[in-house]
Each structure stands twice: as C-alpha cells, then as structure tokens.
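*Asks:* any chance you can model this:
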Amino acid sequence: MAFNSWAVVAIVIGVLVYIALPVALAVVYLSRVNAALGRDKPKKTVAGSAGTGGGPDA
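*Replies:* Model prediction:
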C-alpha cells in the first residue's frame with residue numbers, strides 16, 4: 001500500500017497536534033501554578049518553555 005500525499009499530510013498534522021496539545025496545556029497549567037504560588041515569574045516560565053519546545057505562541 002503506497003502512501004498518498006494527503007495521508008502523509010494527515011499523519012504529520014495528527015502527530016504534531018498530538019504532541020503540541022499536551023505541551024501547550026502543560027505550559028499554561030505550569031504558568032498558572034507558578035503565578036499562584038509566586039515562586040517563579042510567569043514570563044520566565046513561558047519564555048523557557050517556548051524556547052525549548054517551540055510552542056504555538058512562539
């Protein structure tokens with residue numbers, strides 16, 4: 001069974017979304033927790049996460 005272009009695109013998009021959604025949710029959750037606890041600055045957390053994972057907001 002040969003791979004069609006649309007199948008490859010769908011798989012790639014699916015994998016990216018599957019990886020990006022948990023990462024984005026984790027970044028938002030951690031930033032809110034850090035802001036609530038007041039231990040770390042939210043800007044530092046967001047910048048570090050964006051620099052490491054290349055989030056959607058980068």
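
*Asks:* please make it C-alpha for all contacts and neighbour counts, starting now.
*Replies:* Noted.

*Asks:* so for the lengthiest helix in the chain, what gets flagged as buried?
*Replies:* If you go by DSSP state H, the chain has its longest helix at helix 5-37. Buried residues in helix 5-37, counting neighbours by 16 or more other C-alpha atoms under 10 Å, are found at 20, 23, 24, 27, 30, 31.

*Asks:* residue 33 and residue 13, how far apart?
*Replies:* If you measure residue 33 against residue 13 using C-alpha to C-alpha, to the nearest Å, the figure is 30 Å.

*Asks:* helices or strands up against the longest helix of the chain?
*Replies:* Packing partners of helix 5-37 (3 or more C-alpha pairs under 8 Å, 6 or more residues apart in numbering; DSSP states H and E): helix 42-53.

*Asks:* any idea of the mean pLDDT for the helix it packs on?
*Replies:* If you average the pLDDT over helix 42-53, you get 50.

*Asks:* what's the average pLDDT for the longest helix of the chain?
*Replies:* Here the average pLDDT along helix 5-37 is 91.

*Asks:* would you format the buried residues of helix 5-37 as TSV with distance to residue 8 included?
*Replies:* Shown next, in TSV, are those (distance: C-alpha to C-alpha, whole Å):
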residue	distance to residue 8
20	18
23	23
24	24
27	28
30	33
31	34
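
*Asks:* for the residues you listed, which one is nearest residue 6?
*Replies:* Residue 6 has its nearest neighbour among these in residue 20, at 20.6 Å by C-alpha to C-alpha.

*Asks:* quick one: that closest one from residue 9, how far?
*Replies:* The separation that residue 20 has from residue 9, given C-alpha to C-alpha, amounts to 16 Å.

*Asks:* and residue 29, by the same measure?
*Replies:* 30 Å.

*Asks:* over to residue 30?
*Replies:* Taken as C-alpha to C-alpha, the span from residue 30 to residue 9 is 31 Å.
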